[in-house]
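1. Predicted model and sequence follow; I will ask about them next.
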Amino acid sequence: MARKLLFEHINVPGINTFDVYRKQGGYCAVEKALKSLSPDDVVEEVKKSGLRGRGGAGFPTGMKWSFLAKPEGVPRYLVCNADESEPGTFKDRYLMTNIPHLLIEGMIVSSYALGANTSYIYVRGEMMPQIRILEKAIAEAKAAGFLGKNILGSGFDLELYVQPGGGAYICGEETALLESLEGKRGNPRIKPPFPAVSGLYGCPTVVNNVESIAAVVPIVNEGGDEYAKIGVGRSTGTKLISASGNINKPGVYEIELGVSVEEFIYSEEYCGGIANGKRLKAVVAGGSSVPILPANLILKTTNGENRLMTYESLSDGGFATGTMLGSGGFVVLDEDACIVRNTWNFSRFYHHESCGQCSPCREGTGWMEKVLHRLEYGHGTISDIDLLVNVAKQIEGNTICPLGDAAAWPVASAIRHFRDEFEWHVTHPQEALKGNYGLAHYADPLPQIAQTV
Amino acid sequence: MLKVTETQEIKFSKELIAQFDEMVKRYPQGKQKSALLPILHAVQAEYGWLSPSAMDKVAEYLNIKPIEVYEVATFYTMFFLQPQGKYVLEVCHTGPCQLVGAEKMMDHLEKKLGVKEGEVTKDGLFSWRGVECLAACGMAPVLQIGPDYTYYENLTADKLDTLIEELKKK
């Protein structure tokens, strides 16, 4: 069994309550940090741990923290990004539902490290049940003296609040989240200035994902060096993977970074293989934004090596033959899944969620959705496929925030790897409406030429 | 689009105002606008939707311009700008849910309730719509019902029928 750092006690009955959580060693990281470590010591441990942002970007958390400006007399804020909306990702919801105090504990330690006396957890509005759970957990922690004034006699004060979103994927982008938290439309801001200098209310602010904040707890408890021993290379520690789609055991799994993709999909410990005895066609490995890969490329890199669940291994080969770990939203497509339909579906999502601020994204996402719709429904032409590639290219890199890229990559990668299926939709519109293209060569071993590259 | 369908003046209850007062306390002095989203959620939970009159009252309470409320209410998909059924069944129809049959669930709802997406049943009890990813992909297909946003997971046609019958009895 792999080591669990976040979910070690997740199956203990009542772990969602303060008392049980405390009995299992909960809030020890707060005691350790406030009593024996300086804020800078905590930042140092997080740096040593090699923890990388678990929301999707994978930026080193310790480094992000060290960028925080600290002008005299200006409040600093820590904001937790719990706006989990990336299709395929549901780990934060799971964590907040089942072990809310882990997040609260992480928030206290992290706020201490950053010198924030007011912190917010921005939770997507649809997660009203989780908002209630967190509010209850905060009240419990406060009653036990872990929040409020002069926590554990350390002189450190912290108030923690939960803020609901209103149903907008874009608010997962940190500057859009801050706009939303200020009571505005979630339009991303132009960077610089970065939130570390000018964030919430124009004050220095750190925005971190739920899982990143939760990971600070074991890092402080065990030390950054211990944490960094788990994993492979620059992919240290454990990661929560949300597994969904056509698999036997969908759910949230805590993995040690470095497990092979093959083991993750087929072993009983994780996904338990493809559902209904079907064969694997494709995987979207890190949430809908990352490039989709066909079965052959997700299981092995072009060097013929096993592909691992790490930041580096998943991106091996760049976008030509690789993808990204992203937020860990692992969506599995079986032989009956239609790539064109799936791509159209994701495109509709990005069109719906574009904030409309930048023309390439606002117009491009709608355009791609429309073209994909006509391809899926048998009215497409071969030139539509190149048109999609062209539109995706025009969006990518030309927008204020990464939503444009996130909308472009799934389309570009689907055509890159499954072009014959798109062409089949044009040449066989009637068949495409009734059936699906199937596996084609995607599940075959890599061709010889690729293996020698 | 913001379409005025109601001109009737409304007045917030003391309890609701007390809730607003609590919310405003979470933010620094002068940053009361931050309470806009939580307040709009509370108003919608009370009235079922956000009428122009309700939004004007919120603006008044927060001491901001009405347009600041409208622009937010129209941006976020959770806010209803038209009256809805008592129960709004929101079915996730993004990627992973679509892979395991969300579209069939939506077709079933349309047949069962006899109304199209976004329309309200004659008895005023139900409306339904497809929504984008609800972050419950491991339990797909899913739907949610406000104002508590309870999730109903691993949907089947039978489960939908049972749910609708239960809601009717409530």
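-> Alright, I've got the coordinates.
2. how close does residue A:147 get to chain B?
-> With the distance defined as CB to the nearest CB, to the nearest Å, residue A:147 ends up 13 Å from chain B. All C-beta atoms are positioned from the backbone trio N, CA, C, and that covers glycine.
3. That residue: what's it in contact with?
-> A:104, A:108, A:138, A:141, A:158-160 (CB atoms under 8 Å, 6 or more residues apart in numbering or on different chains).
4. which pair in those spans the largest distance?
-> Using CB to CB, the contacts of residue A:147 span at most 12.3 Å, a distance reached by A:104 and A:159.
5. Would you map the helices across chain B?
-> Here chain B has its helices, by DSSP state H, at B:14-24, B:36-47, B:52-62, B:66-75, B:95-99, B:102-113, B:157-169.
6. which one of those helices has the lowest average pLDDT?
-> Note on these: helix B:95-99 shows the lowest mean pLDDT, a mean of 90.
7. picking that back up, could you export the contacts of residue A:147 as JSON lines, including secondary structure, neighbour count and pLDDT?
-> Shown next, in JSON lines, are the contacts of residue A:147 (DSSP: H, G, I helix; E, B strand; the rest coil; neighbours: other CB atoms under 10 Å in any protein chain shown; pLDDT from 0 to 100):
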{"residue": "A:104", "secondary structure": "helix", "neighbour count": "30", "pLDDT": "98"}
{"residue": "A:108", "secondary structure": "helix", "neighbour count": "28", "pLDDT": "98"}
{"residue": "A:138", "secondary structure": "helix", "neighbour count": "22", "pLDDT": "98"}
{"residue": "A:141", "secondary structure": "helix", "neighbour count": "27", "pLDDT": "98"}
{"residue": "A:158", "secondary structure": "strand", "neighbour count": "21", "pLDDT": "98"}
{"residue": "A:159", "secondary structure": "strand", "neighbour count": "17", "pLDDT": "98"}
{"residue": "A:160", "secondary structure": "strand", "neighbour count": "26", "pLDDT": "98"}
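8. Going by distance to chain B, which of those wins?
-> Closest to chain B out of the contacts of residue A:147 is residue A:159 (8.0 Å), distances taken as CB to the nearest CB.
9. lowest confidence element among the helices and strands of chain A?
-> helix A:448-452 (a mean of 41; mean pLDDT, DSSP states H and E).
10. what does stretch A:125-141 rub up against?
-> Applying CB under 8 Å, 6+ apart, the external contacts of stretch A:125-141 come out as A:16-18, A:27, A:82, A:84, A:93, A:96-97, A:100-101, A:103-105, A:108, A:121, A:123, A:147, A:160-162, A:164-167, B:37, B:41, B:76, B:78, B:134-135, B:144, B:146-151.
11. so when I look at residue A:243, I'm seeing a helix, right?
-> No: using DSSP: H, G, I helix; E, B strand; the rest coil, the assignment for residue A:243 is strand, not a helix.
12. so it bridges to which residues?
-> Bridge pairing for residue A:243 (DSSP bridges) gives the partners residue A:251, residue A:330.
13. Could I get the contacting residues of it?
-> Residue A:243 makes contact with A:249-253, A:264, A:270-271, A:330, A:332, B:138 under the criterion CB under 8 Å, 6+ apart.
14. Most neighbours among those, which one is it?
-> residue A:330 (32 neighbours; other CB atoms under 10 Å in any protein chain shown).
15. Now do the contacts for that one.
-> By CB under 8 Å, 6+ apart, the residues touching residue A:330 are A:88, A:241-244, A:264, A:271, A:283-286.
16. how many neighbours does residue 151 have?
-> No chain in the question, so chain A it is. A total of 21 residues lie near residue A:151 under the criterion other CB under 10 Å.
17. wrong one, chain B
-> Residue B:151: 20 surrounding residues under other CB under 10 Å.
18. how close does it sit to chain A?
-> Distance, residue B:151 to chain A, by CB to the nearest CB: 7 Å.
19. Just confirm that residue contacts residue B:144, I think it does.
-> Yes: Residue B:151 is in contact with residue B:144 according to CB atoms under 8 Å; the separation is 5.3 Å.
20. Common neighbours of the two, please.
-> Common contact partners of residue B:151 and residue B:144 (CB under 8 Å, 6+ apart): residue B:134.
21. Confirm for me that residue B:73 is in contact with residue B:54.
-> No: using CB under 8 Å, residue B:73 is not in contact with residue B:54; the gap is 9.5 Å.
22. Counting neighbours, go ahead and name the busier of the two.
-> residue B:73 (26 against 22).
23. quick one: contacts for that one?
-> B:40, B:50, B:55, B:79, B:81.
24. What is the burial count for residue A:129?
-> 16.
25. Please apply the same query to residue B:21.
-> The burial count assigned to residue B:21 is 11, neighbours taken as other CB under 10 Å.
26. Could you tell me how far it is located from chain A?
-> Taking CB to the nearest CB, one finds residue B:21 at 15 Å from chain A.
27. Read off the pLDDT value for the residue in chain B positioned nearest to chain A.
-> Residue nearest to chain A within chain B (CB to the nearest CB): residue B:76, separated by 2.8 Å. Among the per-residue scores, residue B:76 holds a pLDDT of 98.
28. For the residue nearest to it when sequence neighbours are not counted, pull up the helix or strand it's in.
-> Sequence neighbours aside, residue A:166 is the residue nearest to residue B:76 in space, at 2.8 Å (criterion: CB to CB, 6 or more residues apart in numbering or on different chains). Using DSSP states H and E, residue A:166 is not contained in any helix or strand.
29. Name all residues that make contact with residue A:166.
-> Residues in contact with residue A:166, defined by CB under 8 Å, 6+ apart, are A:125, A:180, B:37, B:40-41, B:72, B:75-79.
30. what's the longest helix in chain A?
-> helix A:403-427.
31. The helix or strand that it is followed by - contacts with which helices or strands?
-> Counting by DSSP H and E, the next helix or strand C-terminal to helix A:403-427 is helix A:429-434. Contacts defined by 3 or more CB pairs under 8 Å, 6 or more residues apart in numbering or on different chains; DSSP states H and E place helix A:429-434 against helix A:403-427.
32. close to chain B, is the helix it packs on?
-> No: applying CB under 8 Å from any CB of the partner chain, one finds helix A:403-427 separated from chain B by no less than 9.3 Å.
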